[in-house]
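Undergrad: need coordinates for the following:
(chains A, B, C and D)
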Amino acid sequence: MAIYIDKDTRVLVQGITGYQGRFHTYQMLEYGTQIVGGVTPGKGGEWAEGVPVFDTVETALEATGANASVIFVPAPFAADAIYEAIDAGLELVVCITEGIPVRDMINARRYIDQTGSRLIGPNCPGLLTPNQSKVGIIPGDIAIPGPVGIVSRSGTLTYEVVYALKNEGTGVSTCVGIGGDPINGTNFIDCLRAFEQDPATEKVVLIGEIGGTAEEEAAAYIKANMTKPVVSFVAGRTAPPGRTMGHAGAIVEGGRGTAEDKVKALEAAGVKVARHPEEIPDLLI
Amino acid sequence: MAIYIDKDTRVLVQGITGYQGRFHTYQMLEYGTQIVGGVTPGKGGEWAEGVPVFDTVETALEATGANASVIFVPAPFAADAIYEAIDAGLELVVCITEGIPVRDMINARRYIDQTGSRLIGPNCPGLLTPNQSKVGIIPGDIAIPGPVGIVSRSGTLTYEVVYALKNEGTGVSTCVGIGGDPINGTNFIDCLRAFEQDPATEKVVLIGEIGGTAEEEAAAYIKANMTKPVVSFVAGRTAPPGRTMGHAGAIVEGGRGTAEDKVKALEAAGVKVARHPEEIPDLLI
Amino acid sequence: MNLHEYQSKLRFGDFGIPIPRGKVAETPEQAYDAARELGGKVVVKAQVLTGGRGKAGGVRLAGTPDEARAHAQTILGMDIHGHTVHKVLIDPAADIQSEIYFGVTNDRGARLPVIICSSEGGIAIEEVAATMPDKVIRVRVKPEIGLRGYQVANIASNIGLPREHWKQFGQIAGALYKCYVESDATLAEINPLAVTPGGLLAVDGKMSIDDNALFRHPDLAALRDASADPPAEIEARAAELSYIKLDGAIGCMVNGAGLAMTTMDMTKLFGGAPANFLDIGGGASADKVAAALRIILSDPNVKAVLCNIFGGITRCDDVARGILAALEEVRMEQPMVVRLVGTNEDEGRQIIDESGLPNVIGATTLADAAKKAVEAAGREA
Amino acid sequence: MNLHEYQSKLRFGDFGIPIPRGKVAETPEQAYDAARELGGKVVVKAQVLTGGRGKAGGVRLAGTPDEARAHAQTILGMDIHGHTVHKVLIDPAADIQSEIYFGVTNDRGARLPVIICSSEGGIAIEEVAATMPDKVIRVRVKPEIGLRGYQVANIASNIGLPREHWKQFGQIAGALYKCYVESDATLAEINPLAVTPGGLLAVDGKMSIDDNALFRHPDLAALRDASADPPAEIEARAAELSYIKLDGAIGCMVNGAGLAMTTMDMTKLFGGAPANFLDIGGGASADKVAAALRIILSDPNVKAVLCNIFGGITRCDDVARGILAALEEVRMEQPMVVRLVGTNEDEGRQIIDESGLPNVIGATTLADAAKKAVEAAGREA
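TA: As a prediction, this is how the structure comes out:
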């Protein structure tokens, strides 16, 4: 068991013929992910990394019976790719693309909320269920299977945590990178709920960062609903207020969303908060 | 009992200070309808026909506890009035205004479908539950209370039917004019379902006209779901195909939606179809 | 409101759709000048708001400016299905490899705009739908997110469009949808969207604008060409009346579209035939009623008038006063059956009765009124 | 990307919002000419992309063209919070009766655009929110139906706007929302929206554009004024790096924003302080890494460099090659702690090892790397 993806997940790669799409299709296939098709408009009939390419998600779906897609198309076309996947009825859509305009995501998220599909991302590293499936760009060899669920707004910071766990012999049920953009498809609470219900998950690691109030909301949820222990780390204690720290959308808005606020909220919810990522394995014991 | 409106319905009049709004507010008050307030932006604090006027639905709602509104504002502002009433959470919104652009109604209907509110109209005469409440412009004195539910796409044609019933001593539970526009808020089937469930309604009259496929869909619904007898009349047997007969949206599209098609579908569903409106009282016996 | 081909294409051009660089001519000389300026072969196309102009000889190919002038001479003034040709469009002849149909309209059932596309362009889409239904692609658009690129790719794939045209096809599709929405159109179609050696080209186009939305499009409202409309319809529009001329002998004046159609149906039921559809609308004033009566009486086929008013918003006394006002201007020889029911019916009847008009016949029920009108028209015929 | 006041107001004007008919001046003489042409009293306003310019003396009233020239002389070249003034805006002085704040931004929690309005305009809205929270109205907009007239009426009513201004207020509100959406703005604010005897007037304005959406707004992208930006930030933008200068001694080069912040946090945790935030992004090429290192070393405060790369998309060997390439151009005196983990880490380490660079210190864990960098910076200081 795991959340969102497992060995039966059948994945389409949207934007498979691009540089990133092709590279990560290879990586995902190497890892054992069931990549059943790719989509690039105008390139239907070609092959990429041994995978058949289709013009549209609709035709790819008919031919392959996919139930998920992962999006590597450039930002100007990413919202369109999301709509295509959602309209085709895919259950899970993982958008790796970074740099999507906020307005596109406001509109897309409103649209998705009326459907039964789940979007992970955008601007996220995707998901990894060790030894079963990876959908996205998380390096597969940094994780081993185990009982810890991981949810994170960050990319490489997540890899650090997963890698530190592996170095201590601790494994992961599923690792979900929900992405650092202000508007995304799946939030901490969605994942916490899923981990709480997942028999394969015993403990959860939540990796946050400054900006917004997602960690505070997660803390409230944990206090009210989680029986499984949660360990956390929040990045950005030294970030100056009022400046955007990169594309991560880590903005401190009017004094809210500081690392201190978040740590305080999480600790008040009974969460052990690490001072740095490599402390997390110890706190999980 | 009745459907949608009764003596407890508390009504706001949007556009109360206009010519039509004022005239029909007086008529509705005379009939006994609980008109609790009016709305005209910029005229809050005034009075119209003895009713307090507010700038916005929100303030009117707070002051009056209304649960319905009737809209008399000009077509360019009607969609806005609908959104205002819906966003304020009113259960029932009756839009009398005719001539609203199709695009406005496509967007409004998509919006309303995500809420719990019911829109009647636009371009409709409203509702009448005899001796309890009238919301709209149906002349009150042409109907008496009784067991016949009426639903109609038309205005004055409906009055003919109600009047003919009265002349034969037959009364009405509720009369609903759903309006003649191609996109409206409530359709035949919604009303048929409500009449089927309404203990005060024993029989139903459905008044259709050429254009669209609403009567055909109603026929299918009647066949599958209605236990109460339905009598019908369809206007437009002599209308030439391919021409718009006025604002009623009575357009014959590509051979579909002719009066003959509709009569056939209704008769096949066990509905008695009158040759002219004044035959309806006889068919109800 | 329908736009002419040349108006539609100019608007398409405003939204970035490639159109022929044609010119409008109102005289044969202008057609000659236009053809000379364009150079090469041209097409001379009648600009009329009706279909079937090709079969009627309203579209002709010209190899030289002289030939263009000759064709314009023939076409200008031509009557096509009751519409007189006042303008021709001179377009350069396109080197057409294949023809696509691409249109946007509203799908009323789904309550959404719908794209209709077919590889079989150049003929009426209804014909394609009837004979080759598989060749007609329908794709609904959700207005909150608009026409998406992936939908266009689906369409291009379905109609088998060669890939070198996909990019331009996407631009044209997006532009036409935008044009449709921002014009409050009820129809925007390109037929054919021609595949030419130079790319795609909107060779012919048509737009219908939602009359109810013209208030926010004064530029489009100004394009109305009433030159081909019958005078009665122009007067009706000015008076905000819905009027459609028909072939029978009974002139109908009714309030409400549904009741107007019913009144027409009943003349037929009792053996007559309606001369028109006329809805005076809700809350009609005496002025409006007078205009309505003038319009009805301008039809020489009318042998009797049937005035059927069920007062709601409309007040019977207003209607009665309107009738009297009209009859002061227009001489009415024909008998008129008047039925006034509802708001202020007593006052209305009294006005009519006291006027002492000789030809006026009262009626009680709708059936009574219809029967009396049929009888009266029969006597006159 | 932030727009200057004058740029924001011109854009507001394009959407129909009334703005003062001011002029931009880059020299005192131009300011004189502008003031003379405008006539009457004018305001000379520093155009800088930072707040608090009024308190800093960057906004001055001038009664005559001579006075305007004198003020421009003072203001041009002035340093306001680290920004040099290169332009002043000369606006006619408005006869202000009261001041409104009207802005649009995104409510991230609700995932919707939100209108923020207050009767207490003319000062920073954060101040109003802190001191008079009741005076700040927030109204969310659903993008599929846009800002509705009734919402604007609610706002006008709530801020107690006199009714004679409601109509114009509605037009301005609608126009500002449209401007916000069609510009892909993240902020569009009018502060103050002045009530004057001639009606409402957008006396001051500000816009921020979503950098991610500039690809569809080449006209807005062209408005970028980098003249006040530090050269390092300009170079970072050109290389598509996220760089923010800070005050510490440890230059950080990291891939990923979250990991970059964590690396900064850890220098602090172990007693140091970061000199910058720098995210080289995913899949960074050797060129990008070289640019990053040049930028870091251009900061004279940097006493040690901490390069922390967790290879995913980014490959450690690319990073190693980038470091070597940069060091061929730039002389590095400072020690550099390098930690390479993940994709091609062995190849990356090998490249660094074989280069024989004297100042390079390897590290295993993140904590190890941070500690070593703090120590190295301490030794250098």
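Undergrad: what segments of the chain are helices?
TA: Reading this off chain A. Secondary structure of chain A (DSSP state H): helices at A:19-31, A:57-64, A:75-87, A:102-112, A:156-167, A:188-197, A:214-225, A:259-268, A:280-284.
Undergrad: not what I meant, chain C
TA: Here chain C has its helices, by DSSP H, at C:5-14, C:28-38, C:65-75, C:125-131, C:149-158, C:166-182, C:218-221, C:231-238, C:257-269, C:286-297, C:316-329, C:345-355, C:366-380.
Undergrad: burial measure for the closest residue to chain B within chain C, as a count.
TA: Per CB to the nearest CB, C:G258 is where chain C lies closest to chain B, at 2.8 Å. Glycine gets a C-beta too; all of them are placed from N, C-alpha and C. C:G258 has 32 neighbouring residues, counting by other CB atoms under 10 Å in any protein chain shown.
Undergrad: ditto for C:E328
TA: Residues lying near C:E328 (other CB under 10 Å) number 8.
Undergrad: distance of it from chain D?
TA: 42 Å (CB to the nearest CB, to the nearest Å).
Undergrad: which residue, other than its chain neighbours, is closest to whatever residue of the stretch 1-150 of chain A ends up closest to chain D?
TA: Distance from chain D to each residue of the stretch 1-150 of chain A (CB to the nearest CB) is smallest for A:P101, at 3.6 Å. Spatial nearest neighbour of A:P101, excluding adjacent residues (CB to CB, 6 or more residues apart in numbering or on different chains): D:A213 at 3.6 Å.
Undergrad: the one you found: neighbour count?
TA: D:A213 has 23 neighbours, counted by other CB under 10 Å.
Undergrad: can you name the residues that contact it?
TA: A:101-104, D:184 (CB atoms under 8 Å, 6 or more residues apart in numbering or on different chains).
Undergrad: isn't A:I144 up against A:P130?
TA: Yes. Shown here, A:I144 and A:P130 form a contact pair, counting by CB atoms under 8 Å, at 5.7 Å.
Undergrad: shared neighbours of these two, anything?
TA: Counting by CB under 8 Å, 6+ apart, the residues touching both A:I144 and A:P130 are A:171-172.
Undergrad: which residue sits farthest out from the middle of chain A?
TA: A:G45 (30.3 Å; CA atoms, centre = their mean).
Undergrad: how near is A:V13 to chain C?
TA: A:V13 is 15 Å from chain C, by CB to the nearest CB.
Undergrad: contacts only, for that residue.
TA: So A:V13 contacts A:21, A:24-25, A:28, A:35, A:37-39, A:51, A:69-70, A:72 (CB under 8 Å, 6+ apart).
Undergrad: now it, nearest residue through space, not along the chain?
TA: That would be A:G38: by CB to CB, 6+ apart, it lies 4.5 Å from A:V13.
Undergrad: show me what contacts the one you found?
TA: A:12-14, A:16-17, A:21, A:25, A:48, A:51-54, A:60.
Undergrad: give me the neighbour count for C:A228.
TA: So C:A228, with other CB under 10 Å, has 18 neighbours.
Undergrad: ok, now A:A75?
TA: A:A75: 17 neighbours (other CB under 10 Å).
Undergrad: so what's it closest to, chain neighbours aside?
TA: A:G99 (4.0 Å).
Undergrad: for A:R118, see how far away the one you found is.
TA: 22 Å (CB to CB, to the nearest Å).
Undergrad: quick revisit: surely the residue of chain C closest to chain B touches B:F233?
TA: No. Applying CB under 8 Å, one finds C:G258 not in contact with B:F233, separated by 9.6 Å.
Undergrad: show me whatever sits in contact with both of those two.
TA: B:157, B:207.
Undergrad: how about low-confidence regions in the chain?
TA: Since no chain was named, I'll use chain A. A:1, A:241-256 (pLDDT under 70).
Undergrad: wrong chain, I was asking about chain C
TA: Those would be C:380-381, if you go by pLDDT under 70 across chain C.
Undergrad: around chain D, which positions in it sit nearby?
TA: C:143-144 (CB under 8 Å from any CB of the partner chain).
Undergrad: just to revisit the earlier point, out of everything not next to it in sequence, what's closest to the residue farthest from the centre of chain A?
TA: A:V53 (7.0 Å).
Undergrad: give me the distance between that neighbour and chain B.
TA: 35 Å.
Undergrad: near that residue, how many other residues are there?
TA: Neighbours around A:V53, by other CB under 10 Å: 20.
Undergrad: now it: how far from A:Q14?
TA: Using CB to CB, we find A:V53 at a distance of 11 Å from A:Q14.
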